[in-house]
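Engineer: from the sequence below, what's the structure:
(2 chains)
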Amino acid sequence: MRAPGRKGQAAVFVALCLMGLMLVVAYSVNTGIVVNDRIRMQSTADLATYAAAYSEAAALNEITKKNQAIADVARDCRRTLEHGGMPWNTVPCGNCNSDIGAEIALWQCRVELDLAVAQWVAVADYSSSVEPALDAGRATAEANFTGTGDKTSFMEDIFGSPTARWTYSTFWSTSFYGGITPTIADFRQVTDTAFNYQYINYCNSSCAPTLAVKPAVTIPTWFYKDDRDPDVWVAGRVMGTPEKRFLDTSYGTGSRDGGYFGASSTGGDDVLVAYAVAKPYDGSVGPSTGTEGNTRTGNTLVGLVYPSASIRFPKLTMYDEYRARMAGIQDNLTGGLAPTTLISRDGARLGKSWDTSKFEH
Amino acid sequence: MARARRGQSAVETMMVVPLIAMGIMSLYYLWSIIFASENAHIRAREYVLHGGAFLSDTDGVSGSDPFSGSNYQRADSQSFRFESRASDQSLPVFGRAESIRTTAVITSD
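Structural biologist: Below you'll find the model as predicted:
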């Protein structure tokens, strides 16, 4: 026989069990949603960073094309000045020490080369090469995870980051002017490409004309990099709070304003952060396969047009085949700040740890 | 009195067991939806980067991607858009399954 005081004991027990069960269910479901959102956030970071790297790859291809155009102009100019192996003899002139036709051709070369260099600078400039990439990354983040576009960073505000303005720059010059421009990578310009020609020199008196060689002039031409491309890469950070939260409750005060598990949506654990690294690869802006001298610069044109057995073309390996791939935080990417260093400077709390070496993408 | 209470535990158990069973089934159902969503998101992301190159099957996945053959494609333009769609279904509970559809985008604008 049950004592009167024990009436309803089972009901209380059942209620407690059900409450516990519901809490387990709720916690499990919320955890599932967090994991799902975390996957979405990581995908968003990957795709946004890939988009930026893809845009940079396209920019590098355009830069390479313009670089090749400079080399093409230089090659054509040398062909013109070589004059089919015949000495220039436009207008017989006593002791002129030059040929008017060759000088006009040389002047035209100078103008065309300067124009080609200016076009290269225009596409290599930060505003044409890097800024569109950052815009593409943000657009991709927003397209994949609403609300993250304006919270996406590519570390462009950290000097030394490959995406920051003035981390890399290029000195450039033409026959008439020059300057320094922020660019997607550090480029160097070949400034000693030589141009000269052979001509017939007449003397004023009755002496016989002689063959003469005009002293060479040098004109700034194409650009190259010491290395192919390891300093061109993108580290992206995407952050945000999913719009549709499941069991979140709004506290409305203090820091507990309704994020995951009632935490803060502005600075707590419910603000999801994801990092990713991507890079352009497989192209070459300029000749960079060698290590020193003419091989590195591709400047086999540094020799004179005359005398030469044949026109020597620059040993160029310009290769506008840049594409993009995901990279890793642990990738040995040199130039500027390495991914781990860069993300550490960003103040990342990866896996609740400030030690980015423990985090692998 | 004692006779009247016979079977009370059985009745209480009958009332509680369905509740617990519903709780477990709900958990299973929601877990299945979440798993399907995760799967769909991962498949969409994978497809927009690599197409079907590394997916064991491409059922329910389609779109455009920068991957061709065994390598990434050359980056032709700073204006681009790749997009994939993926879907997955949760496991059926009482004959009901949820369909999850996701999209992954790589775009310049």
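Engineer: make it CA atoms for all contacts and neighbour counts henceforth
Structural biologist: Fine.
Engineer: so what sits opposite the residue of the stretch 201-350 of chain A found nearest chain B in the bridge?
Structural biologist: At 4.6 Å from chain B, A:Arg323 is the closest residue in the stretch 201-350 of chain A, using C-alpha to the nearest C-alpha. When bridges are called by DSSP bridges, A:Arg323 pairs up with A:Tyr281.
Engineer: hmm, it is touching A:Pro280, no?
Structural biologist: Yes. With contact defined as C-alpha atoms under 8 Å, A:Arg323 and A:Pro280 form a contacting pair (5.4 Å).
Engineer: close to chain A, is the longest helix anywhere in chain B?
Structural biologist: Ranked by number of residues, the top helix in chain B under DSSP state H is helix B:8-50. Yes. Applying C-alpha under 8 Å from any C-alpha of the partner chain, one finds helix B:8-50 touching chain A at B:16, B:20, B:23-24, B:27, B:30-31, B:34-35, B:37-38, B:41-42, B:45, B:49.
Engineer: which of these has the most neighbours?
Structural biologist: Highest neighbour count within the residues of helix B:8-50 next to chain A, by other C-alpha atoms under 10 Å in any protein chain shown: B:Arg45, with 29 neighbours.
Engineer: quick check, pLDDT for that one.
Structural biologist: Looking at B:Arg45, its pLDDT reads 94.
Engineer: roughly how far does it sit from B:Ile34?
Structural biologist: Counting by C-alpha to C-alpha, to the nearest Å, the separation of B:Arg45 from B:Ile34 is 16 Å.
Engineer: sorry, back to before: ok, the residue of the stretch 201-350 of chain A closest to chain B - contacts?
Structural biologist: If you count contacts by C-alpha atoms under 8 Å, 6 or more residues apart in numbering or on different chains, A:Arg323 has them with A:Tyr54, A:Ala57, A:Ala58, A:Pro280, A:Tyr281, A:Asp282, A:Gly283, B:Tyr72, B:Gln73, B:Arg74, B:Ala75.
Engineer: middle-most residue in chain B, spatially?
Structural biologist: What sits nearest the mean C-alpha location of chain B, by C-alpha atoms, centre = their mean, is B:Ala36, with 1.0 Å.
Engineer: tell me if I'm right that it and B:Arg101 touch.
Structural biologist: No. Using C-alpha under 8 Å, B:Ala36 is not in contact with B:Arg101, being 9.3 Å away.
Engineer: list the helices and strands the lengthiest helix in chain A packs on?
Structural biologist: Ranked by residue count, the top helix of chain A under DSSP H comes out as helix A:9-82. Helix A:9-82 makes packing contacts with helix A:100-124, helix A:126-129, helix A:131-144, strand A:234-240, strand A:272-281, strand A:323-327, helix B:8-50, strand B:99-107 when contacts are defined by 3 or more C-alpha pairs under 8 Å, 6 or more residues apart in numbering or on different chains; DSSP states H and E.
Engineer: same list (these) but as TSV, adding distance to B:Ser79.
Structural biologist: Formatted as TSV, these follow (distance: least, C-alpha to C-alpha, whole Å):
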stretch	distance to B:Ser79
helix A:100-124	15
helix A:126-129	12
helix A:131-144	9
strand A:234-240	18
strand A:272-281	16
strand A:323-327	14
helix B:8-50	16
strand B:99-107	8
